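Novice: Sequence first, predicted coordinates after that:
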Amino acid sequence: MTQNETDISYQIVDPSSDDNIKKEEKNQYEDILKDYFQTDVNLVKLYSEWSKADENFCKIAKDYQGVRMLRQDPVENLFSFICSSNNNIQRISGMIEKLCDTYGTHLLRHEEVSHYNFPTIEALADREVEAKLRVLGFGYRAKFIQQSAAKIVENGGREWLLNLRTLPYNEAKTALMTLPGIGAKVADCICLMSLNHACAIPVDTHVFQIAKSTYMPHLKATKSVTDRGYNEISTFFQNLYGPYAGWAHSVLFSADLRHLKVQVDNKRSSSQSSQDEKPSRAKQKKTRVKSQ
DNA sequence: GGCCGACCTGTGAG
DNA sequence: ACTCACAGGTCGG
C-alpha cells in the first residue's frame, strides 16, 4: 500500500490467480481494507470535536490529519503487544517477523522472499515454544507468549478473544489482564486496536511524558507510571475527548513519535536513510498490479 | 493497596 | 573499548 495527499493505493500479489481481477474480487479486497481502516468512522467530525475540547490538540491536529486507528486482528495484536514491553519498536518488529517465519504458515514467495502469516494461538501454545523463542532472542517474553497462548486455548481460543469485542470495555480489559505478560498498558492497546474499545487510553512512557508536560503538571515530580497515575491519566483523557478518546490520544502520540523520528533521522547519515526507502520502491515496480 | 527492583536484548550516548 | 540508560511494561516481593 502507498499513499499520497488524497489517495491510498493498494496492490494484490497472488500467484495462484490470473491477472484479470474480477469486480466481486475487487470489492472483497476493498471491504477488507475499509474494515481495517475503519473508514465508516468520520474522522473529520471527531477532529473538530477534539479541537473544540482541547486547545493543544487543535494546534497539533493541523499537521497530523487523518491519524486513524486500525482495526487489527486480535490474535496478531495481542501477541505483538506482549512483545512490546520494555522494548523498542525495531526489535519488536523483528520479533513479530520471527513469530511468523517460525510458527506461521507459508503464504507465497515473492521477490525471492518467503512470506508467512501470523501463527495461530494453538501453534504458540505448544510446550516447546518458550525454549525456541528464547533462542530466537525473545528474552523473558518467550514464557509470556507460550503461557498466554496456552491459557487462551484453555478459555476457548480465538472465539474467546473475539468475544471480548462484545463485552464492556472494563470487562474486556480485566479479562486480558489475567493473561501473563499483559498488564494495564498492553491490555488497553489490545482493547483499543483490535477489540473496538475506542475509549481505551494506553499510558506508555510517551503518553506519560505528554501528560506531565502539557496536561497534568502536578505529575511532574513522579518518575514512573504507577497504577494510580495510570488510571488518573487514562481517566483525564477519556473525560477530555469522550468515547473515541483512544483515537484522539493516538494523534498526540504520533505527533510525539514524529518528534523522536526526526531527531533520529538527523543523527543518521543521509546514505543510511535513503537506503531505507529503496527496497519498497524496487518492490513496487516489479509487483504485479492487479488493482489500484 | 502502593512502591520498587529485576528482567532479556540491542543500541546509541557519554 | 566499555559502561550505562532506555526502549510503546509486567511481575513478584
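Specialist: Nice, I can see it.

Novice: Could you count how many residues lie near residue A:137?
Specialist: The tally of other residues near residue A:137 (other CB atoms under 10 Å) stands at 12. Where you see a C-beta, it was placed from the backbone N, CA and C, and this is true even at glycine.

Novice: Tell me the secondary structure at it.
Specialist: Secondary structure assignment for residue A:137 (DSSP: H, G, I helix; E, B strand; the rest coil): coil.

Novice: Would you mind listing the residues in contact with it?
Specialist: A:95, A:98 (CB atoms under 8 Å, 6 or more residues apart in numbering).

Novice: pLDDT score assigned to it?
Specialist: Looking at residue A:137, its pLDDT reads 97.

Novice: Angles on the backbone of it, please.
Specialist: Reported as degrees, to the nearest 10, the phi and psi values for residue A:137 are phi 90, psi 20.

Novice: and if you look at residue A:251?
Specialist: phi -70, psi -50.

Novice: Go ahead and confirm it touches residue A:59.
Specialist: No - using CB atoms under 8 Å, residue A:251 is not in contact with residue A:59, being 11.3 Å away.

Novice: Name the residues of chain A found near DNA strand B, please.
Specialist: A:86-88, A:90-91, A:134, A:137-141, A:226-229, A:267 (CB under 7 Å from any atom of the strand).

Novice: Apply 6 Å and report the result again.
Specialist: Within chain A, the positions adjacent to DNA strand B are A:86, A:88, A:91, A:137, A:139-140, A:226-228, A:267 by CB under 6 Å from any atom of the strand.

Novice: circling back to that earlier point, just want to know which of residue A:251 and residue A:59 has more residues nearby.
Specialist: residue A:251 (23 against 11).

Novice: Look at the residue lying closest to the more buried one once chain neighbours are set aside and say how many residues are nearby.
Specialist: Sequence neighbours aside, residue A:67 is the residue nearest to residue A:251 in space, at 4.6 Å (criterion: CB to CB, 6 or more residues apart in numbering). Applying other CB under 10 Å, we find 17 residues neighbouring residue A:67.

Novice: cool, and the one 5 residues further on?
Specialist: Here the count is done by other CB under 10 Å, and residue A:72 has 18 residues near it.

Novice: dump the residue contacts of the residue lying closest to it once chain neighbours are set aside.
Specialist: Sequence neighbours aside, residue A:194 is the residue nearest to residue A:72 in space, at 4.3 Å (criterion: CB to CB, 6+ apart). If you count contacts by CB under 8 Å, 6+ apart, residue A:194 has them with A:71-74, A:76-78.

Novice: Please apply the same query to residue A:126.
Specialist: residue A:146.

Novice: Please report the distance of the closest residue to DNA strand B within the stretch 151-292 of chain A from residue A:29.
Specialist: Shortest the stretch 151-292 of chain A-to-DNA strand B distance, computed as CB to the nearest atom of the strand: residue-wise this is residue A:226, at 3.3 Å. Here residue A:226 is placed at a distance of 45 Å from residue A:29 (CB to CB, to the nearest Å).

Novice: Burial check on residue A:241, number of neighbours?
Specialist: 24.

Novice: May I ask you to confirm that it is in contact with residue A:51?
Specialist: No - contact between residue A:241 and residue A:51 fails when scored by CB under 8 Å: they sit 10.5 Å apart.

Novice: so what's in contact with those two at the same time?
Specialist: In contact with both residue A:241 and residue A:51: residue A:57, using CB under 8 Å, 6+ apart.

Novice: What does residue A:115 show for phi and psi?
Specialist: phi -120, psi 140.

Novice: and the residue nearest to it when sequence neighbours are not counted, how many neighbours does it have?
Specialist: What sits nearest to residue A:115 in space, not counting adjacent residues and going by CB to CB, 6+ apart, is residue A:107, at 4.8 Å. Look at residue A:107: counted by other CB under 10 Å, it has 14 neighbours.

Novice: Same question for the helix or strand harbouring residue A:107: list its buried residues.
Specialist: Per DSSP states H and E: residue A:107 is located in strand A:106-110. Neighbour-count burial for strand A:106-110, counted by 16 or more other CB atoms under 10 Å, picks out no residue.

Novice: swap in stretch A:41-57?
Specialist: Neighbour-count burial for stretch A:41-57 [16+ other CB under 10 Å]: A:43, A:46-47, A:50-51, A:54, A:57.

Novice: Break chain A into its domains for me.
Specialist: With domains defined by automatic domain parsing, chain A comprises A:72-197, A:259-291.
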